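Asks: okay, here's the prediction I keep looking at, along with the sequence it came from:
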Amino acid sequence: MFPFLFRSSHLSRIYTPSLSKFRLYSTPTPPIPPSLPSLTTPEETSQAREWTNAFKSFQATNLKNQVELSFSRSSGPGGQNVNKVNTKATLRCPVNLRWIPKWAQDRLVRDPHYVASTHSILITSTVYRSQSQNVEDCLSKLHSLISTVASSQIKNEPSAEQVKKVEGLMKAQKARNKIDKLHRSSVKKGRGNNIKDW
């Protein structure tokens with residue numbers, strides 16, 4: 001007997017009549033970011049950093065069910081397979097999806113991959129002669145783009161060691177300024193004494 005596939009929004013079931021039981025499997029979904037339009041407080045920055053680390057560890061190939069994919073024939077040289085089979089992959093991803101952080105959306109709409117008419121990111125790949133490899137390339141580019149843009153908005157807090165080092169440099173600079181000031185003052189006094197003696 002052949003298994004039957006039942007699909008729902010988040011869960012898929014395979015039923016094998018001969019075994020008379022269900023096998024369940026689910027597709028991993030991207031981590032949902034905190035709803036933060038901007039990062040203005042240390043707490044918001046910490047939440048954003050936590051999501052960014054989680055998203056970076058999320059497999060790019062698991063984004064396949066979150067985007068729209070289409071295929072066409074690649075143009076130019078590359079052999080019989082390239083020009084006769086739909087190997088070119090095109091990915092479209094709306095910018096306002098739930099798993100794309102709001103604090104990164106302003107930067108995403110200024111990215112060259114952004115298409116204003118559809119309010120989405122458009123990525124294509126013809127690097128490989130295989131359709132599946134071009135799909136993986138598109139997903140990898142999307143994953144990298146979102147990770148980079150989201151991370152660029154996060155300001156790293158200085159460590160205690162860095163703060164201590166800066167304070168030491170400021171104290172040293174103040175001491176040098178004081179010495180320079182005393183030196184200039186003594187030079188001026190010396191000039192005044194020479195005038196009186198003349």
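Replies: Looks like it arrived, so ask away. Numbers count the residues shown, from 1 in each chain.

Asks: going forward, measure contacts between C-alpha atoms and count neighbours the same way
Replies: OK.

Asks: which residues touch K56?
Replies: H143, S147 (CA atoms under 8 Å, 6 or more residues apart in numbering).

Asks: for A104, see how far away it is.
Replies: 15 Å (CA to CA, to the nearest Å).

Asks: same question for C138.
Replies: 19 Å.

Asks: show me which of these two is the more surrounded one.
Replies: Neighbours were counted for C138 and for A104 using other CA atoms under 10 Å; C138 has more, 26 against 22.

Asks: quick check: phi and psi on I123?
Replies: The phi and psi values for I123, taken as degrees, to the nearest 10, are phi -130, psi 130.

Asks: and the gap between it and A175?
Replies: From I123 to A175 the distance is 56 Å (CA to CA).

Asks: got it, and L39?
Replies: 37 Å.

Asks: so between these two, which is more surrounded?
Replies: L39 (16 against 12).

Asks: wait, that one sits on W103?
Replies: Yes. With contact defined as CA atoms under 8 Å, L39 counts as touching W103 (7.1 Å).

Asks: tell me which residue is most central in the protein.
Replies: S147 (1.5 Å; CA atoms, centre = their mean).

Asks: quick check: that residue touching R49?
Replies: No. Counting by CA under 8 Å, R49 is not a contact partner of S147; they are 10.7 Å apart.

Asks: can you give me the strands for the chain?
Replies: Counting by DSSP state E, the chain has strands at residues 4-7, 11-16, 21-26, 68-72, 88-94, 114-115, 120-125.

Asks: who does the longest one pair up with?
Replies: Looking back up the chat, that one is strand 88-94. Under the criterion DSSP bridges, strand 88-94 sits next to strand 68-72 (antiparallel), strand 120-125 (antiparallel) in its sheet.

Asks: for it, which outside residues touch it?
Replies: Contacts with strand 88-94, where a contact means CA under 8 Å, 6+ apart, come from 66-74, 118-126, 131, 134-135, 138-139.

Asks: quick check on those: which are buried?
Replies: 69, 71-74, 120-126, 131, 134-135, 138-139 (16 or more other CA atoms under 10 Å).

Asks: and the residue nearest to the centre of the chain, how far is that from S38?
Replies: The gap separating S147 from S38 is 16 Å, by CA to CA.

Asks: in contact with the residue nearest to the centre of the chain, which residues?
Replies: Residues in contact with S147 (CA under 8 Å, 6+ apart) are T52, F55, K56.

Asks: ok, D106 - how many residues close by?
Replies: By other CA under 10 Å, the burial measure for D106, its neighbour count, is 13.

Asks: read off the pLDDT value for it.
Replies: According to the prediction, D106 has pLDDT 94.

Asks: also L5?
Replies: Confidence at L5, expressed as pLDDT, is 43.

Asks: then S186?
Replies: S186 is given a pLDDT of 78.

Asks: kindly report the same for L63.
Replies: 96.

Asks: T27 is in contact with that one, correct?
Replies: No. If you go by CA under 8 Å, L63 and T27 don't touch, sitting 9.6 Å apart.

Asks: looking at these two now, which is surrounded by more residues?
Replies: L63 (19 against 12).
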